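Participant: Prediction below, plus the sequence it came from.
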Amino acid sequence: MSIVAPSPATLSTAEVQRILQHPIDGPCSLCRVLPNGDGKHSGCWLCPAPEYGTILFRRLDASKHFLRTPPAIAFEAAVLVGVLELVVWVVVVDRETNTVFLATPDAFCDEGFEVERGHGFQLALPLGCWHEIRVEQE
Ligand SMILES: [Zn+2]
């Protein structure tokens, strides 16, 4: 696996490599499923791996799951309750492009906004607040 270049460059490649010790092709053995508001699988996992700090990990399809206006990644608000306080990074993997999006929980506090578009109450973070990392699988 090689990292093409983190963007923006404020995040070092070394830090990205540290975070991406976590597999991006799915949950690891330490990952715990986070239920959504209905008690079903939310598509998010909480991973307490000490090497890179606790992360919220999620795989999705950008074409289906990203907000378009404004461009943003939204989470069911209920899934994030009590979770953002625990994690050092939110890691979203777009299955369609193998792109990894990294955001800090602080970004959600500072730039996150609420949306309600027929999928329940959601908290969204604009795409510009994410570090975007293209990964090439070897
Ligand atoms: Zn994990």
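Facilitator: The structure has been received and is ready for your questions.

Participant: quick one: Gly26 is in a helix?
Facilitator: No - with DSSP: H, G, I helix; E, B strand; the rest coil as the criterion, Gly26 is coil rather than part of a helix.

Participant: Quick check: it touching Arg59?
Facilitator: Yes - with contacts counted by C-beta atoms under 8 Å, Gly26 reaches Arg59, the gap being 6.8 Å. In short, each C-beta sits where N, CA and C put it, glycine included.

Participant: Have a look at these two and say which one is more surrounded.
Facilitator: The neighbour count for Gly26 versus Arg59, taken as other C-beta atoms under 10 Å, is higher for Arg59 (17 against 11).

Participant: Next one: Val81 relative to Glu51, how far apart?
Facilitator: When distance is defined by C-beta to C-beta, to the nearest Å, Val81 is 26 Å away from Glu51.

Participant: How about the residues of the protein by the ion?
Facilitator: Residues of the chain lying near the ion by C-beta under 5 Å from the ion: 28, 30-31, 47.

Participant: low-scoring pLDDT stretches of the protein, where are they?
Facilitator: Scanning the chain for pLDDT under 70 picks out the ranges 1-9, 137-138.

Participant: That one: helices as residue ranges?
Facilitator: Residue ranges of the helices in the chain, as given by DSSP state H, are 13-19, 62-65, 77-80, 105-111.
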